[in-house]
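Colleague: Structure for the following, please:
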Amino acid sequence: MTSPLTALPPLVSSRTKLLILGSFPGVASLKAQQYYGHPQNHFWRILQAIWPSGHLDMRATGYQNRSEWLLSKQLGVWDVYAACEREGSLDSNIRNAVLNDFSLLKELCPGLQAIAHNGGESFRHAKHTMLLGLPVYKLPSTSPANASWSFERKLAAWREVFERNGLVQEPAAGGALDASSG
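Modeller: As a prediction, this is how the structure comes out:
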């Protein structure tokens, strides 16, 4: 039996309009105490593609700066599970999971307008986040384990949700794929 693991605190502010909910941090993220800490995870790369910034190199920028940048864009990050038992990093290995208290979001993020679940395991709990009365989206997982979606396809789906919620002012050239496709 594995020891219970504890999730990271929410990375949100009173200005957060869109909250990305993952399932539970992987081993690399827990070790670093950083959301999306695995170097092969597409999360930070997708954000940089959505919000290009010549002076911000996601690979070279420290986590504190990336976090402040993310919050300045009115984005927040959290996970559906507050704690669980798991060997390795795969969602399929999560056992005895305890859900986070989503009712806290109204207090933490009074400007929250929508929630987007990063991947299928997180989206399994959409019935709980829908109780907040906000739009809820399912996004393709940014995990390296989600190899069936190309980076470009993930980016298009993520960009569409960001555009729908006013976090991107101009659509990408050529339009975006429907977030519900695939």
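Colleague: would you put the C-alpha positions of the longest helix seen in the chain in CSV?
Modeller: In the chain, with assignment by DSSP state H, the single longest helix is helix 151-164. C-alpha atoms of helix 151-164 as CSV (Å, rounded to 0.1, in the frame of the first residue of the first chain):
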residue,chain,number,x,y,z
PHE,A,151,0.4,19.3,-29.9
GLU,A,152,-1.3,21.4,-32.6
ARG,A,153,-4.6,19.6,-32.0
LYS,A,154,-4.4,20.2,-28.3
LEU,A,155,-3.5,23.8,-28.8
ALA,A,156,-6.5,24.4,-31.1
ALA,A,157,-8.9,23.0,-28.6
TRP,A,158,-7.4,24.9,-25.7
ARG,A,159,-7.3,28.2,-27.7
GLU,A,160,-11.0,27.9,-28.5
VAL,A,161,-11.9,27.6,-24.8
PHE,A,162,-9.7,30.6,-24.0
GLU,A,163,-11.2,32.6,-26.8
ARG,A,164,-14.8,31.8,-25.7
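Colleague: Can you tell me which helices and strands it packs against?
Modeller: Packing partners of helix 151-164 (3 or more Cβ pairs under 8 Å, 6 or more residues apart in numbering; DSSP states H and E): helix 43-50, strand 114-118, strand 136-139. Placement of C-beta: from N, CA and C, glycine included.
Colleague: Would you check how far apart Glu87 and Arg95 are?
Modeller: From Glu87 across to Arg95, the span is 9 Å (Cβ to Cβ, to the nearest Å).
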